[in-house]
Every structure is written in C-alpha cells, then in structure tokens.
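> Quick one: sequence and predicted model below, then my questions.
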Amino acid sequence: ANPELAGEALSITVKLLEEPIADAYSVLSRATFAAGCFWGIELAYQREPGVIATKVGYTQGTSQAPTYEKVCTGTTGHTEAVQVTYDPNEVSYERLCEIFWDRLGESRYKLNQVGNDRGTQYRHGIYPHDAEQSKIALATP
C-alpha cells in the first residue's frame, strides 16, 4: 500500500536564515544586470568564481509588488534583472560586465529583445550601485 500522501503535491516556503549581505561593513559588493530572461543570465553569474549569491526580480517600473503576469503586459515598466552579490577580491566588476556583454551577443543592438525573448520586460541594461561601477560600466563595450 502507498503512504497516505502518495501522489499528492507538497508545497513549502523556504526562508533563508542568513543571506549574504553586501553593505558598508561587508567586503562583498552588489551588481545588477538585465539581459533578457533573468534565469539565463543568473546561471551565467552563478558559474563565476567569486560570485556569492544571485537574486532574480524586477527593476525600474511603477509597481511596488510586480508579478510576472503584470510585468508581461508591458504596462508596469519593469525589466527582468539579476542582482549579483560578489567578492571583489575574487571577481572584478569588469568581469561581471564582460559576462553581461558576452551573454547579450548580437542582441545588444536590439530594442526590447534578447535572443528569442521579446517585450519591454526583456530590455537589457546595467544598473550601477555607485559611481565607480557607473564609470566601469560606461567604459565597457
């Protein structure tokens, strides 16, 4: 006989007790990039040595609580993005920008499209967190 819950769906919520935090007292830094669907670019960053954590979500836009369904309508102004927490002693911001541009490829010349992903939520961009990141981002291809 099967256990009582066999064939049933189970849903759980996981809350991290400790999340890597990049703040004024930390050696960690943050970087934010949008390059089409956030899952693909997130995986590229997760594979990079020195990247401590990634978090996908939405940036820009008008809604404080965007949902995938609302963002896909193109009316919220949001774009899919990934926030990267990294150790600048192990990986440079320049390298993170290089990953961004490599991931974009020829899509860098397209408006609101990366690969087969089309729509305003897929527009690409680099979102610097400080003046130094801005300077570096502007110097990249």
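Received, thanks. Numbering: from 1, shown residues only.
> how many neighbours does Ser63 have?
As a burial measure, Ser63 scores 13 neighbours (other Cβ atoms under 10 Å). (Each C-beta comes from the backbone N, C-alpha and C, glycine too.)
> Surely it touches Thr73?
No - counting by Cβ atoms under 8 Å, Ser63 stays clear of Thr73, with 10.7 Å between them.
> worst-scoring helix or strand of the protein, pLDDT-wise?
Here the helix or strand of the chain ranked lowest by mean pLDDT, DSSP states H and E is strand 113-114, holding a mean of 66.
> Could you tell me how far the helix or strand just after it lies from the centre of the chain?
Going down the chain from strand 113-114, the next helix or strand is strand 117-118, by DSSP states H and E. Distance, stretch centre to chain centre, for strand 117-118: 16 Å (Cα atoms, centre = their mean, to the nearest Å).
> How about stretch 74-93?
That offset, for stretch 74-93, works out to 4 Å (Cα atoms, centre = their mean).
> what about that stretch, start to end distance?
With Cα to Cα, to the nearest Å applied, stretch 74-93 spans 30 Å between its terminal residues.
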